[in-house]
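>>> sequence isn't available, so here's the structure alone:
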C-alpha cells in the first residue's frame, strides 16, 4: 500500500459497531472547530501524479509508491514497493488500476513462476469497496476526502517552518472516531505561498488505536506514528493509458470495453512476419474479394527455383478450386483444402469462404476480445484488443494431441484521427489491422511440462479497403495449351468513353467490366484474364481480354457453381451478345465517382485479336503492372528456410496464426 491506502485506512476504517463511550486522548489531540487564523487554505488539485515514501515507526518496513489520480477522468493508479520486513499477502511491485467508469479495479503483480509475465486479478468497485483512494464505487473520491483536508475537516494553521531548505506552512487537524476509537492528529506541510492545485510535501500522522481492532472497548491501546514524504508532484493530465493494465497483460473478468472493429469486406494488404525465436523475417501479400468469392496469396518458399518471383495461390470459391502457381515451374489445380486459412468447413468435407472478419479471427464465437486501450506504434496512435485462445497451435505442434497450446493474441488498429494515404487515395479510418502479436506456450498434457514457447509479430502495410482488382486472381499461367484460351477484343460505344469513364478510374472500370463479362457468360472471374483497355485504337476505346476454358477439377466448395460452359460454348454465347444482327445486348456495369454507370459493347465488334504492341493510352491489369500498382514500394524479403511456417495462411505446406483451423 502507498500513502493513500495506509493513510485512508486510518481515516475511514469502520469497525463493527459497538456501544463505545471512550473519549479522545488529550495526549494525542482533542477535535475542535479549527482555526485558519486568517490564512488561505490550500486547494487540492483534481489531477496529480506523485511519488510517496512512507515510514512507519516500530513496524520495521517502509513503502515507496507512485500514485496517479484523475477526478475528471474518474481513474486512479498506484504501484507499491516494500522495503524491510516481509508482509504476507503483499507483493512488492504490485500495480493497481482503478477504473471507476467500469466499476472495476485490477491488481497486476509479477508472476513468481514466470518472471517474464504478470498475473492480473480483476475485482469489482462497489459502494462497500475499500481502495487506495477511499471507500465506495461510482466515482473516485475527491482529493479532499482522500487527504481529509479541506474546510469541512476543521484545519488549523500552525505557522511556518523550514523543510528541506524552503519555507512551508503547517496545517493540522484532529480526528477521533467514536466507533473505532481511532484518535490521531494529522500534520500537513505545504510550500508557503502555494494555494491553488497544490499538494503537501510531507504528512505526519500521530495517534493511538485499540490494541486489538475487534475489541475497541478494551483499555489497551497502541500508538502509531507514520511519516509520508511527497516528491515529483505533477498536476498536469497524465496519459490515459497509464491508468490501465499494460497492453499484453490479460485480466480475466475485465469489462470488454469498446468492441473490436469489423474489417472491410474486400481488401488487399502486405504482411511482414517476424519470428524472434528463429530470427526470421518473411513477407506475404493477401488479396480478399468476398463479393466475388475469391482470395489470393503470394509468398516465397525456400525450395522454389526462382527467388525473384513469388508463389501464387488463388482460391475460387465459386468453383471450389485452388490454383497454386509456381514461377517457371508448374501449376497445381486441386480442390480448396479444408484446412486453408480462408476456408471453414461445417461437415469436414466441403468448405465455404470465411468472412474477412473471420479470416482475422475477429468475430469468431470462441474468441472474446477485450479492449486494452491505445498506444504508440511507429510514431502513430493505435488501439489494442486482446484475447486468449486454446484452439490454435503453431505449425510445429499441429496434429500432436499431447500438446496443449495457450496463446495470447493482440490486434492493433489505427486511431480514427489518422489517415492512410495510398497511391494518392485518401482512406479515412481504416478498419484493417496494423499489427498482430501472438505469444504462446506449449505444454505436454501428459507430463505437464512446458515443451516450447514462442512469439510472432505480424505487421500489416499498405492496406487497401474495398479495392481488389480481378487481375490479382489471374490463373492464366495454368493454361499452357493454345486450345485452352482465346484472345478476344471488342469496342465500346461512344468516342469519349475512355476519357469519360476509364481515365482516372482504371481500377473500378476494369473490375466492373470483368465482372460483367463473367456474369454474362456464367463463368467465374478467374476465367476472364489479361484484361486491358486501349484508347483510340481503331477510333474507339477497345477492350482486350483472354477467355479461359473451364477447369477440369471438381472443387469442394459448399454451394459451388459449375465452372461454366466450355471455352467454345462461352465464346459462342459472347458472339451472340455482341455480334447479333439485332445489335449488341452486352451491357457493362462499373463504378464511377461512387455511382454505378453502364456502357454497351459496340455491335459486331467482337473478334479474336491479341492486344496491340503499340504505344497507346491503355489501362492494363497484367500481373506485373497490377502487382506494381497494388504493392507500391513494398519489397519482398529474401527467401528464408522456415518461410513455410511463417506465411500468413494455412495450406498443407504453410500456416497462418490468425486463422483457426476448426
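On my side now, so go ahead. Quantities reported herein were computed from a predicted structural model and do not represent experimental measurements. Residues are numbered from 1 along each chain as shown.
>>> OK, contacts around residue 171?
By CB atoms under 8 Å, 6 or more residues apart in numbering, residue 171 lies in contact with 41-42, 149, 155-158, 187-188, 190. For the C-beta atoms, the positions are set from N, CA and C on the backbone; glycine is no exception.
>>> now swap in residue 589 and tell me
Residue 589 makes contact with 512, 515-516, 596-598 under the criterion CB under 8 Å, 6+ apart.
>>> ok, residue 367 to residue 348 distance?
Separation of residue 367 from residue 348 (CB to CB, to the nearest Å) stands at 21 Å.
>>> more neighbours: the two, which one.
residue 367 (19 against 8; other CB atoms under 10 Å).
>>> contacts for the strand or helix carrying residue 573?
Using DSSP states H and E, residue 573 falls within helix 567-578. For helix 567-578, contacts defined as CB under 8 Å, 6+ apart pick out 483-486, 488, 490, 517, 520-523, 527, 547-550, 564-565, 584-586, 601-606.
>>> go ahead and build a ChimeraX selection from the buried members of the residues you listed.
Here is the ChimeraX selection string for the buried members of the contacts of helix 567-578, based on 16 or more other CB atoms under 10 Å:
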select :485,486,488,490,517,520,521,523,527,547,548,549,550,564,565,584,586,601,602,603,605,606
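>>> okay, buried residues for stretch 48-62 please.
Result for stretch 48-62 [16+ other CB under 10 Å]: buried residues 48-56.
>>> okay, and which of the residues you listed map to strands?
48-56 (DSSP state E).
>>> in a markdown table, list those along with distance to residue 445.
A markdown table is the format used below for those (distance: CB to CB, whole Å):
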| residue | distance to residue 445 |
| --- | --- |
| 48 | 50 |
| 49 | 46 |
| 50 | 48 |
| 51 | 46 |
| 52 | 47 |
| 53 | 48 |
| 54 | 47 |
| 55 | 50 |
| 56 | 48 |
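>>> ranges for the helices of the stretch 401-550 of the chain?
Using DSSP state H, counting those that start in this stretch, the helices found in the stretch 401-550 of the chain span residues 497, 506-521.
>>> out of the ones you listed, which gets nearest to residue 122?
Nearest to residue 122 among the helices of the stretch 401-550 of the chain is helix 506-521; the distance by CB to CB comes to 47.9 Å.
>>> give me the helices and strands touching the closest one, please.
The helices and strands touching helix 506-521, judged by 3 or more CB pairs under 8 Å, 6 or more residues apart in numbering; DSSP states H and E, are strand 528-537, strand 540-548, helix 567-578, strand 587-592, strand 618-620.
>>> okay, buried residues for it please.
The neighbour-count check on helix 506-521 (16+ other CB under 10 Å) flags 506-518, 520-521 as buried.
>>> hmm, who's touching it?
Under CB under 8 Å, 6+ apart, the answer for helix 506-521 is 292, 467-471, 501-502, 524-525, 527-528, 531, 533, 543, 545, 547, 564-565, 570, 573-574, 577, 586-592, 619, 621.
>>> tell me how far residue 26 lies from residue 578.
109 Å.
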